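Visitor: how would this look folded up:
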Amino acid sequence: MDKASLIGSLLGVVACVYVAYRASHGHWEMFYSEKGLVMVFGGTISVIFMAMPMEKIKCVGGYFKSFMFHKGVGAGDVIKTMNDLAEKARRDGVLALESEVQGIKDPFLQAGMRMVVDGIDPASIEMTLRMEVLAMQDRHKAGKKFFDLIKLYSPGYGLVATLIGQIGMFGQLGGDIETMGHMLAVAVVATMYGTVLANAVAGPIGDKLALRSGEEIVNREMILTGIMSIQSGDNPRVTLDKMLAFVPSVARTKLKAA
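Guide: Numbers count the residues shown, from 1 in each chain. From the prediction side, this is the model:
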């Protein structure tokens with residue numbers, strides 16, 4: 001589990017609950033509005049279905065899973081693995097890596113090294129792996145788009161519910177004060193639902209997924225560079241230097257030492 005995602009989610013919930021309790025003195029029912037829930041959540045869901053194809057919507061569970069559980073490999077682990085492969089290829093030849101390929105857990109690296117061992121043309125290897133990277137980017141964009149839609153449209157539907165509540169309130173001017181108060185509550189609470197959904201849920205999750213996507217793309221480019229370097233028979237030091245080019249200068253010395 002990603003500790004940062006868990007800590008951030010818990011802090012957000014605690015802050016909202018604490019402020020709501022202090023404001024309501026424990027009368028939680030004042031924050032409930034059936035009309036507001038239907039308008040904000042129902043309207044936002046309708047937008048998602050209108051804007052995204054069904055096969056992308058079916059992956060919603062995976063989007064939340066990617067936010068809470070991060071299985072990405074760090075740059076240090078990638079460099080260590082590629083450096084070990086480069087040294088063995090330099091010492092025993094590329095064909096000696098065949099026994100190592102089966103133990104590689106990363107499917108992208110495993111596929112690339114298998115093509116190297118099989119003697120596939122370097123241009124074909126690079127083209128195939130770059131297509132894999134592009135396909136991965138497309139999958140990640142779908143997750144980011146899902147949360148961007150929620151962030152963009154849930155406040156809008158909250159505003160629609162607010163306007164409906166205000167119209168109802170104005171329609172009751174001079175009438176029952178209880179009905180007017182109820183319509184005013186619908187207007188205010190619906191805005192709260194849309195704002196919280198956009199800024200406390202969808203926005204942070206979408207930004208985290210975008211950041212993770214960028215990190216994974218860099219890792220894939222690093223692996224691709226290492227694979228092509230091994231395939232061309234470069235010295236392991238050269239392979240290491242090529243991969244370190246993707247790492248911030250502050251961390252390079254530490255990774256070289258490791």
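
Visitor: now do the buried residues in the helix or strand that contains Glu215.
Guide: Assigned by DSSP states H and E, Glu215 belongs to helix 203-231. For helix 203-231, the buried set under the neighbour-count rule, 16 or more other Cβ atoms under 10 Å, comprises 203-206, 208-210, 212-213, 216, 219-231. To be clear about C-beta, it is placed using only N, CA and C from the backbone, and glycine gets the same treatment.

Visitor: what's the spacing between that helix and its chain's center?
Guide: Between the centre of helix 203-231 and the centre of its host chain there is 12 Å, according to Cα atoms, centre = their mean, to the nearest Å.

Visitor: what packs against it?
Guide: The contact analysis (3 or more Cβ pairs under 8 Å, 6 or more residues apart in numbering; DSSP states H and E) places helix 203-231 against helix 3-24, helix 60-68, helix 75-92, helix 107-117, helix 122-171, helix 236-244.

Visitor: compare these and give me the one nearest Met39.
Guide: Using Cβ to Cβ as the measure, helix 122-171 is the one of those that comes nearest Met39, at 3.9 Å.

Visitor: could I get the helix or strand following the closest one in PDB with only the CA atoms?
Guide: Going down the chain from helix 122-171, the next helix or strand is helix 177-196, by DSSP H and E. Extracted in PDB, the C-alpha atoms of helix 177-196 (Å, rounded to 0.1, in the frame of the first residue of the first chain):
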ATOM      1  CA  ILE A 177     -40.500  29.200   6.500                       C
ATOM      2  CA  GLU A 178     -39.700  25.500   7.000                       C
ATOM      3  CA  THR A 179     -40.000  24.800   3.300                       C
ATOM      4  CA  MET A 180     -37.800  27.800   2.500                       C
ATOM      5  CA  GLY A 181     -35.200  26.600   4.900                       C
ATOM      6  CA  HIS A 182     -35.200  23.100   3.400                       C
ATOM      7  CA  MET A 183     -34.700  24.400  -0.100                       C
ATOM      8  CA  LEU A 184     -31.900  26.700   1.100                       C
ATOM      9  CA  ALA A 185     -30.200  23.700   2.700                       C
ATOM     10  CA  VAL A 186     -30.500  21.800  -0.600                       C
ATOM     11  CA  ALA A 187     -28.800  24.600  -2.400                       C
ATOM     12  CA  VAL A 188     -25.900  24.900   0.100                       C
ATOM     13  CA  VAL A 189     -25.300  21.200   0.800                       C
ATOM     14  CA  ALA A 190     -25.300  20.300  -2.900                       C
ATOM     15  CA  THR A 191     -22.500  22.900  -3.500                       C
ATOM     16  CA  MET A 192     -20.600  21.300  -0.700                       C
ATOM     17  CA  TYR A 193     -20.900  17.800  -2.200                       C
ATOM     18  CA  GLY A 194     -19.600  18.900  -5.600                       C
ATOM     19  CA  THR A 195     -16.700  20.900  -4.100                       C
ATOM     20  CA  VAL A 196     -15.600  18.100  -1.800                       C
END
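
Visitor: much appreciated, bye for now.
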